[in-house]
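Chemist: model this:
(2 chains)
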Amino acid sequence: MNAVVAAIHAASPTPAPITVPGSGIFQTSLLLSLLVWAPVLVAGLIAVLPNPRGRFDALIKQIAFFTNIGLLFILWIAYNQFQNFLSTVQYEEKVSWLPAIGAVYHLGIDGPGLVMLILSGIVALASVLASWGVREQVRSYFCLLLLTEACVNGAVVAHDMFVLLLFWGAATIPLALLVLGWGGPRREAAAWRLAAYWGLGTIALLVATLALYSAAGGKSFDMDVLLRVPVAPRVQLVAGLALIVAAATRLPLFPFHGWVRDLYSQAPVGVSVVIAGVSTRLGAYVLLRLLIGSQPIGAQLLSPLLALMAAATVIYAGLVVLRMTDLRRVAAYLTMVPGAVTVLGLAALSPLAIGGSVLSLFSGGLAAALMVGVCATLADRAQTGNLMVMKGLAPRMPNLTWLTVLAVLGLLGLPLMASFPAEMMTFFGAFKNQPLFAFAVVGGLAIVGASLAVILHGVLFGTPNPDAPGVSDASSGEKWFLGVLAGALLWVGMFPGGPKLPGTDTPIFDPGLVNAMAAGITEMAAPYAAK
Amino acid sequence: MMRAYLLVPEALVAGTALLLLVAGRLGYLPRSWRGRLPGAVAAVVVVALIVELWAGGTLASLFGGGFVQDRFALFAKAAVLLTLVAAIAVPDWSAEDSVHVGLAMILFAGFGVMVVASAGDFVPLWAGLELAGACGVALVGVRRPDLGLRLLLAGGIATALFAIGFAFVYATTGAADLASARLVMAREGPTLPLAIPVLLLLGGLAVRAGLAPFHLASVPSSLGASPVGSGILLGLVAAAALLAAIKIAALLSPSPETLSVYLEVVAAVAMVGGGAAALGVRAPRARLAYLAVGQVGWVAAGLSTHYLSGLGGALFLVGAFMLAATCGPAILGAAEGGEASLAGLGALRPVRALGIALVFLSLAGAPPLAGFFGEFAVAAALAQGGHFGLLAMGLVGSVLSLVAALGTLRVLYLQSAPEEARRAAGVAPGLRFISSAGAVLVCFVMVAYGAFANPILGLAYQGAEALGLR
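Modeler: Down below sits the predicted model:
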């Protein structure tokens, strides 16, 4: 195994920055602020738009849709302008905000941040499409959805711990209200559990922030200062534990997963997609940035705990799925799996595994969103989520069957899907440093795969149940939102380094997610490079 | 030159209040004027605010040191004048028992807070507190004499505690002015004869501020009062007590042992107890009152740090608290009937619903509103000082408060209005222009407090510096 890892290391030195054709045509220093505040402004606009008796419901949906298209366009510019393999933060914005306590409005992204932003853009668009069928209080719904998107983007681009906390905490409010307002019969329990667990996570993040702030002299919340000041191992351990709790409540990881089952089975599809796809990924992103990337001693001390939680999560999810009788609850537990794989890569503390984790932030988010979306749509179209009743749906739902198969492939990390290179990098890196837990995670994935095979064989290809309610295939809106997620998984799976001009190394219009995400990772992984 | 204008804001506020009382009592206010009266009074307060902002930067001491104009006074008086503008504009005055009495009482209460803010020795500090408290008693007593009596009794206990504590401090230090007393404290250090009066002083202030577990008089009284009366009790009287507490905490900062433990315990109980109680009740006014109790606990936590950043953060938070707690009951208005009366208000009365939502969220400390910034400034000070236990209690209280506030938001925005409410909304007039303007002002300040937090927090820190903290 060591020889394999050494060979991979030798074959993958840090490449030189690639110049993408067309780069440099658009320059703005407010690009990140635009990604954060444009959805807020549009939400405000929608909120004051007169909408007597829902006359402008369709217009509101279109505004939300085109806002997301616009944001994706800005992201595409950011992606193409991004300097691959650069070690510094890019698109930086820094404005003095609260000098009295040392808080700065400081935004900036590196490779992992860009990956998260792209994920956020794609998932937000899919979420709007998935919400096209919302009929009640459309204005409030799309306002809250846009505010959620703004909070997620804000947490991703924040380069000041105060700003990060602000957006991290604020994201809970619109999501809880979305579940409360448009969820299923048990929505209250689902929303309060979400608020309680995520509130606990916010407290944990605040504790970590204040521990670091206090240890760093209480002068600044700027990550450039806070994460670079040498901190005593004891403080790193305390802050690291708090960060693990914060991340574990979001991702979620066993045993902080109490909100998952009710939420995904009660929330509307569009909200489930946004939570599974991107809001929860913030947990792993915060671990990467604040623990692995800046507290090496704390990371070394806590990596076995992280790996243990990852292994326990995958095995637990696999076993629970076997006992489930409701498809949406199956999806709820399956969404825990990609996050656990990401955390295993982080716990491995090797450059290769950390790179795999960053890619799995993206692929895992898409796979989880696709799985939740597919299962919710299947249950919706079959008029039941009961696995005892849902049998032999494939002939009557050909499109949904294909999309379900793609979701399963994406979740398990099979070739051609973006999750394949992500899991390969993660496991290659993890088998060296965390062999026991890596085997446990692989074993857990095998259980998940077996469970899925049993469930889906019955649901899709079993003998049809004559007593089941009537079924219909996905509508065009559902096909579009699921297609966006599946398409992104396939695109990055097939072209992780971007499509090249034939016979050259020059990318055509996509510099390649693997190239873009590498910016900043080398520096984050530097303390662990010798391992 | 500027010194001549320093007392203009106080003169305008107190003079207008007196004029209203006299004119109302003698029947000089025609009925046709009453509709326009709140607007005219709010305009006078706006003028006072402008004068304060223009002339208030002048450092001066008047009346032999009894009145001190410094950055602390500037911050606190600007905050109270802004609160008065909104608190006069927002209410539905037709629901009040008497327009001229209500207006006069809210102005007098504001004047009391201004006196506390500028107090250079114990006498105006005490007088300002008493004036603000008396206005609360008067407005509660007009509607509910039994509750007024209860509040009067609690106020009497607070007054007695404060007066005895003041007398002891005077006896111990030999000085009634705050600056001289601070010098004596710094020289002599903490002693038992000092710790006892401090306990009494702070006990009196805790009763006035409605800090748990001393809220048992103020919260029930606020529930029985008119919206304006409730706002005075929950906001202005508590703010007067908190400003006095900040001055006393600064006075005692050379001997922090005399007050820290006491304040820490009270702050922890208030933060967690306020949040838990807010979660346990459903009536909007009661929930608002308990959320206010929880935020007062955060101010007390800031005071327990006894250094610049803690007291600066606490002062910053008092500004946010005062506006939300004073204007909250007025924005809630007729929602006294219980949670159901708010159902669907987001669709029927969007401006009012937004005002209610922002006030509740701000008092709960939800990001990115005024209360969050204030509580975060205090939290940062607690972390700097290593008060992690108190910080943890505060965080638990904030989560409880947040869940409680979300419950009210759910009713506002996600429940459908009962059919009869819809019908009533079709014929009943919405908020009048001035009320809408007041609600918009409250919403703007709640949101802009964070965006403009730098100058506001900077001024609050300068205010804390003016009290002698470094």
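
Chemist: Return the set of buried residues in stretch A:448-456.
Modeler: A:448-449, A:451-452, A:455-456 (16 or more other CB atoms under 10 Å in any protein chain shown). From N, CA and C alone the C-beta is placed, and that goes for glycine too.

Chemist: report the longest helix in chain A, please.
Modeler: If you go by DSSP state H, chain A has its longest helix at helix A:351-381.

Chemist: Show the low-confidence segments of chain A, by residue range.
Modeler: A:1-29, A:530-531 (pLDDT under 70).

Chemist: Show me which residues of it are close to chain B?
Modeler: Contact residues, chain A versus chain B (CB under 8 Å from any CB of the partner chain): A:47-48, A:96-102, A:137, A:140, A:162, A:165-167, A:169-170, A:173, A:176-177, A:180-181, A:191-192, A:195-196, A:199-200, A:202-203, A:206-207, A:210-211, A:213-214, A:218.

Chemist: quick one, strands of chain A?
Modeler: Counting by DSSP state E, chain A has strands at residues A:90-98, A:103-109.

Chemist: Identify, out of those strands, the most deeply packed stretch.
Modeler: Neighbour counts (mean count of other CB atoms under 10 Å in any protein chain shown) averaged over each of these peak at strand A:103-109, with a mean of 23.

Chemist: List of residues touching it?
Modeler: Here strand A:103-109 makes contact (CB atoms under 8 Å, 6 or more residues apart in numbering or on different chains) with A:32-33, A:36, A:78, A:89-98, A:117, A:156-160, A:162-163, A:220-224.

Chemist: So what's the gap between that strand and the chain middle?
Modeler: When C-alpha coordinates are averaged (CA atoms, centre = their mean, to the nearest Å), strand A:103-109 and its chain have centres 21 Å apart.

Chemist: For A:R187, the count of nearby residues, please.
Modeler: 21 (other CB atoms under 10 Å in any protein chain shown).

Chemist: so what's it up against?
Modeler: A:R187 neighbours (CB under 8 Å, 6+ apart): A:179-181, A:266-267.

Chemist: Now it: closest residue in space, sequence neighbours ignored.
Modeler: Among residues not flanking A:R187 along the chain, A:Q266 sits closest, at 4.9 Å (CB to CB, 6 or more residues apart in numbering or on different chains).

Chemist: my guess is that neighbour contacts A:G183, does it?
Modeler: Yes. Assessed by CB atoms under 8 Å, A:Q266 is found in contact with A:G183 at 4.3 Å.

Chemist: Common neighbours of those two, please.
Modeler: A:A190.

Chemist: So for the two, which residue has more residues nearby?
Modeler: A:Q266 (25 against 22).

Chemist: That one: what's it in contact with?
Modeler: Counting by CB under 8 Å, 6+ apart, A:Q266 has contacts A:179, A:183-187, A:189-190.

Chemist: What is the most widely separated pair among those?
Modeler: A:V179 and A:P185 (12.2 Å; CB to CB).

Chemist: neighbour count winner among the two?
Modeler: Taking neighbours as other CB under 10 Å, A:V179 and A:P185 compare with A:V179 leading, 29 against 8.

Chemist: tell me the contacts of B:L382?
Modeler: Applying CB under 8 Å, 6+ apart, we find B:L382 in contact with A:210, B:301-302, B:305, B:310, B:388, B:390-391, B:394.

Chemist: In strands, which of those residues appear?
Modeler: With strands taken from DSSP E, there is no overlap with the contacts of B:L382.

Chemist: ok, and the most crowded of those residues?
Modeler: B:G302 leads the contacts of B:L382 on contacts (other CB under 10 Å) with 33 neighbours.

Chemist: Tell me who's in contact with it.
Modeler: Taking CB under 8 Å, 6+ apart, one finds B:310-311, B:313-314, B:317, B:377-378, B:381-382 in contact with B:G302.

Chemist: one more time with 7 Å, if that's ok
Modeler: B:310-311, B:313-314, B:317, B:378, B:381 (CB atoms under 7 Å, 6 or more residues apart in numbering or on different chains).

Chemist: my guess is A:H159 contacts A:Q90, does it?
Modeler: No. The criterion here is CB atoms under 7 Å, and A:H159 misses it with A:Q90 at 10.8 Å.

Chemist: Next to chain A, which bits of the stretch 251-400 of chain B? Give me the list.
Modeler: Contact residues (CB under 7 Å from any CB of the partner chain) of the stretch 251-400 of chain B with chain A: B:312, B:366-368, B:377, B:379-380, B:383-384, B:386, B:391, B:395, B:399.

Chemist: Kindly indicate the member of these with the most neighbours.
Modeler: Of those, with other CB under 10 Å as the count, B:G312 tops at 31 neighbours.

Chemist: right, and the secondary structure at that residue would be what?
Modeler: On the three-state scheme (DSSP: H, G, I helix; E, B strand; the rest coil), B:G312 is labelled helix.

Chemist: Verify the contact between it and B:Y461 for me.
Modeler: Yes. With contacts counted by CB under 7 Å, B:G312 reaches B:Y461, the gap being 3.9 Å.

Chemist: anything in contact with each of these two?
Modeler: A:A100.

Chemist: Can you tell me what sits against stretch B:178-190?
Modeler: Taking CB under 7 Å, 6+ apart as the rule, stretch B:178-190 contacts B:120-121, B:169, B:173-175, B:247, B:251-252, B:254-255, B:257-258, B:468.

Chemist: State the mean pLDDT of that stretch.
Modeler: Computed over stretch B:178-190, the mean pLDDT rounds to 78.

Chemist: Return the residues in contact with the closest residue to chain A within the stretch 101-250 of chain B.
Modeler: Proximity of the stretch 101-250 of chain B to chain A (CB to the nearest CB) peaks at B:I246, 16.1 Å away. Each residue near B:I246 by CB under 7 Å, 6+ apart is listed here: B:303, B:311, B:314-315.

Chemist: One more: B:V207?
Modeler: Applying CB under 7 Å, 6+ apart, the residues near B:V207 are B:154, B:157-158, B:161, B:214.

Chemist: Distance of A:I203 relative to A:F221?
Modeler: Computed as CB to CB, to the nearest Å, the A:I203 to A:F221 distance reads 17 Å.

Chemist: Those two: who's more crowded?
Modeler: Relative neighbour count places A:F221 above the other of A:I203 and A:F221, with 28 against 22, counting by other CB under 10 Å.

Chemist: quick one, phi/psi of the more buried one?
Modeler: phi -100, psi 0 (degrees, to the nearest 10).

Chemist: next one: phi and psi at B:T58?
Modeler: Dihedral angles for B:T58 - degrees, to the nearest 10 - are phi -70, psi 130.

Chemist: Leaving out the residues flanking it, which one is nearest to the residue in the stretch 301-450 of chain A that chain B sits nearest to?
Modeler: In the stretch 301-450 of chain A, the residue that lies nearest chain B is A:L302 (19.5 Å; CB to the nearest CB). Counting by CB to CB, 6+ apart, A:G240 is the residue found nearest to A:L302 once chain neighbours are left out, at 4.6 Å.

Chemist: Break down the stretch 201-350 of chain B into its helices, ranges please.
Modeler: B:218-224, B:227-231, B:238-251, B:260-280, B:284-304, B:308-332, B:345-348, B:350-364 (DSSP state H, counting those that start in this stretch).

Chemist: Would you state the helices of the stretch 251-400 of chain A in chain order?
Modeler: A:260-266, A:269-274, A:281-286, A:296-323, A:327-334, A:336-348, A:351-381, A:398-412.

Chemist: Distance to B:A79 added to those, as TSV?
Modeler: Below are those laid out as TSV (distance: least, CB to CB, whole Å):
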stretch	distance to B:A79
helix A:260-266	41
helix A:269-274	39
helix A:281-286	36
helix A:296-323	42
helix A:327-334	47
helix A:336-348	45
helix A:351-381	44
helix A:398-412	54
